[in-house]
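>>> The following block contains a protein sequence and its predicted model.
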Amino acid sequence: MLDVDTIPREQTKIKPTVSINKPPQFKVIYVNDNETSMQFVVDSLIGTFGYNESNALGMTEDISTKGSAVVAVLPYEIAEQKGIEVTVKARGNGYPLQVKLEADE
């Protein structure tokens, strides 16, 4: 008699199909106002978004002349967290800086 445990059995390997979509991206937008200091904007761009000083100064000029500018494009959760971080710092320093998020098309 054959021992059932010694007979090789066919094994089927199943390869799962994994589809990972990139998270949706959101624009972080600074809106110009007449009260927030340019130095605060420059410092927030450097400290929160990793700009170097030269790029932060250029972006601050864009915000000032155009009325608003996209300062970063990030996944929603990160964009929201950074927007809140900047807003809290601005309010703590008495500035009304407005930070908006918009879906990146």
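Structure's in. What do you need? Residues are numbered from 1 along each chain as shown.
>>> what about Thr48, is that helix, strand or coil?
What DSSP: H, G, I helix; E, B strand; the rest coil gives for Thr48 is helix.
>>> Pull the contacting residues for it.
Lys82, Glu85, Val86 (CB atoms under 8 Å, 6 or more residues apart in numbering). Where you see a C-beta, it was placed from the backbone N, CA and C, and this is true even at glycine.
>>> could the residues you listed be laid out in CSV, adding neighbour count and distance to Glu102?
Output for the contacts of Thr48, formatted as CSV (neighbours: other CB atoms under 10 Å; distance: CB to CB, whole Å):
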residue, neighbour count, distance to Glu102
Lys82, 19, 14
Glu85, 14, 18
Val86, 24, 16
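>>> Output the residues you listed as JSON lines; include the columns secondary structure.
Output for the contacts of Thr48, formatted as JSON lines (three-state DSSP):
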{"residue": "Lys82", "secondary structure": "helix"}
{"residue": "Glu85", "secondary structure": "helix"}
{"residue": "Val86", "secondary structure": "helix"}
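>>> neighbours of Asp62, just the number please.
16 (other CB atoms under 10 Å).
>>> so what does the helix or strand where Ala56 lies touch, helix or strand wise?
Assessed by DSSP states H and E, Ala56 sits inside helix 53-66. Helices and strands touching helix 53-66, as assessed by 3 or more CB pairs under 8 Å, 6 or more residues apart in numbering; DSSP states H and E, comprise helix 38-49, strand 68-75.
>>> Show me the beta-bridge partners of the residue sitting nearest the centre point of the chain.
The residue lying closest to the centre of the chain (CA atoms, centre = their mean) is Leu74, at 2.7 Å. Applying DSSP bridges to Leu74 gives these bridge partners: Phe26.
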